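Colleague: here is my input; please provide its structure:
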Amino acid sequence: MNEMLTRAADGGCLIIFYKLLHNCTPNLNKYDQTALLELLKKGHLEAERKIRKGVNAFQVRFHPQYKSRCFFLIREDESVVD
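Modeller: Residues are numbered from 1 along each chain as shown. Predicted coordinates:
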């Protein structure tokens, strides 16, 4: 995870996100989920709104609006947000 965060800080987060989106199974492993949560907290403008109810898991799904693979956050209350 530290390597991922260091690379993200150096502007490599797009590469990390791309690899996670296109090389992972739909259910991310705990390592990738932890790294993704840290990147979300540090770099997303709406991170607080997205994680306010707690994070249960992340999944890679097909986004019907954008017609591409996308990260979806599954909250502890079972609600889902992209």
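Colleague: neighbours of His63, how many?
Modeller: 13 (other Cβ atoms under 10 Å). Just so you know, the C-beta spots here come from the backbone N, C-alpha and C atoms, and that holds for glycine as well.
Colleague: so what's the backbone phi/psi at it?
Modeller: When read as degrees, to the nearest 10, the backbone of His63 gives phi -90, psi 120.
Colleague: chain neighbours aside, what residue packs nearest to the residue positioned nearest the centre of the chain?
Modeller: In the chain, the centroid-proximal residue (Cα atoms, centre = their mean) is Leu36; its distance is 4.3 Å. Nearest non-adjacent residue to Leu36, counting by Cβ to Cβ, 6 or more residues apart in numbering: Phe58, 5.4 Å away.
Colleague: next one: phi and psi at the one you found?
Modeller: Dihedral pair for Phe58: phi -120, psi 150, per degrees, to the nearest 10.
Colleague: partner residues bridging it?
Modeller: The partner list for Phe58 in beta bridges (DSSP bridges) reads Leu73.
Colleague: please report how far it lies from Lys19.
Modeller: Per Cβ to Cβ, to the nearest Å, Phe58 is found 14 Å from Lys19.
Colleague: after the longest helix seen in the chain comes which helix or strand?
Modeller: When the chain is parsed with DSSP state H, its longest helix is helix 30-43. Downstream of helix 30-43, the first helix or strand assigned by DSSP states H and E is helix 47-51.
Colleague: show me what counts as buried in that following helix.
Modeller: Lys50, Ile51 (16 or more other Cβ atoms under 10 Å).
Colleague: got the CA coordinates for that helix in CSV?
Modeller: The C-alpha trace of helix 47-51 is given here as CSV (Å, rounded to 0.1, in the frame of the first residue of the first chain):
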residue,chain,number,x,y,z
ALA,A,47,-14.6,11.6,-0.2
GLU,A,48,-16.4,12.5,3.0
ARG,A,49,-19.8,12.3,1.3
LYS,A,50,-19.0,8.9,-0.3
ILE,A,51,-17.7,7.2,2.9
